[in-house]
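Visitor: sequence first, predicted model second:
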Amino acid sequence: MSFSAEVRDELSRQEPACEYCDLATLAALARVCGTLSLAGSGRYRLQIATETGAVARTMIGLTHKILKLKTEFTVRRSVLHKVRNYLIALPDQPDLAKALVLLGILDRQGNLVRGVPHHVVARPCCKLAYIRGALIAGGFIADPRGDFHLEIAVQGEEFARALADLIGSLGVPARVNARRGAFAVYIKSAEDIKRLLETVGASRSVAEIDEARAVKSVKNDVNRRVNAELANQTRSAGAAQRQLELIAELEARGLRDGLPQALEDFCRLREAHPDLSLRDLGELADPPLSKSALYHRVLRLEKLLDS
């Protein structure tokens, strides 16, 4: 199960805080993944298509519980994508038009409501229930082991901006982006994603994000240390090669034989251990020498060639 599916499943099992919260959740489900068609004057059909079992289960359960309406349910299996497609339809029936007004999909004059219906989210708890329903219906939350990203795919720019404002009222900034004929309400910050999920009740998913972030932090720290060590080794290897070239140049000019004992000892030590850093080379000297002491001997050799 993907992380998005886990979050959706957890959210779909939240208990309502008041008697109107289930209506808010159902309203968001119908608005985000529903399609309303007109079957004649005052006759409608609402159809919800989803690949998520949590959406289908919640939609059917709340429709029967709150609206007392008849539903049609079809399950199809996609041969190409090897996933189930759930189709829930509310066919034309006597109380469907009233239900559409109650859900905030239509106003009392029969016009489509473009934004978030105010009467549905009038209470703070119902506001959370509506956002929860939108996440269940169209939410995508990237696997926290990778990049952090949350988005809700919706139709209609006015609705997208109203939903972003609703999320923003929780202290979680959300942005809107056009996406192939639709709109995405999205959040990129890991802290903001955590805050939103925690506020709407996905505490188990938040714990999973924290765990993934801790593992990612450890991996990043290890990678930084490894990269730093590799860089140090590369620098040391380059320095050692230059010192060997320096010794070869001294020998070619006939200056090797007259070197002071301290410099000759360094030359022999470097030739015997061409891959070691100055620090490691100093530990093999007798007596042991500091990195600084050996570096000064390298400078003395360079000065001999410059003179």
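Guide: Great, that's in hand.
Visitor: list the residues that contact residue 56.
Guide: Contacts of residue 56 were listed using C-beta atoms under 8 Å, 6 or more residues apart in numbering, and they are 48, 50, 73, 86, 88. (C-beta placed from N, C-alpha, C; glycine too.)
Visitor: show me what the last one is bridged to.
Guide: Here residue 88 shows beta-bridge partners residue 48, residue 73, assigned using DSSP bridges.
Visitor: hmm, it is touching residue 61, no?
Guide: No. Distance between residue 88 and residue 61: 10.7 Å, which falls outside the contact criterion (C-beta atoms under 8 Å).
Visitor: neighbour count winner among these two?
Guide: Neighbours of residue 88 and residue 61, each counted by other C-beta atoms under 10 Å, are more numerous for residue 88; the result is 23 against 13.
Visitor: how far away is the more buried one from residue 139?
Guide: Taking C-beta to C-beta, to the nearest Å as the measure, residue 88 and residue 139 are separated by 18 Å.
Visitor: re earlier: TSV for the contacts of residue 56, including pLDDT and distance to residue 298?
Guide: Converted to TSV, the contacts of residue 56 look like this (pLDDT from 0 to 100; distance: C-beta to C-beta, whole Å):
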residue	pLDDT	distance to residue 298
48	90	76
50	86	71
73	91	81
86	90	74
88	92	78
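Visitor: what's the closest of those residues to residue 221?
Guide: For those, the closest approach to residue 221 (C-beta to C-beta) belongs to residue 50, at 40.6 Å.
Visitor: distance check, the closest one against residue 83.
Guide: Relative to residue 83, residue 50 is positioned 11 Å away (C-beta to C-beta).
Visitor: please say which of these two ends up with more neighbours.
Guide: For residue 50 versus residue 83, neighbours defined as other C-beta under 10 Å are more numerous around residue 50 (23 against 10).
Visitor: pLDDT value on residue 229, please?
Guide: What the model reports as pLDDT for residue 229 is 69.
Visitor: verify the contact between residue 64 and residue 73 for me.
Guide: No. Between residue 64 and residue 73 there is no contact under C-beta under 8 Å: 11.0 Å.
Visitor: intersection of neighbour lists for the two?
Guide: Common neighbours of residue 64 and residue 73, using C-beta under 8 Å, 6+ apart, do not exist here.
Visitor: residue contacts, residue 76?
Guide: Applying C-beta under 8 Å, 6+ apart, we find residue 76 in contact with 84, 85, 87.
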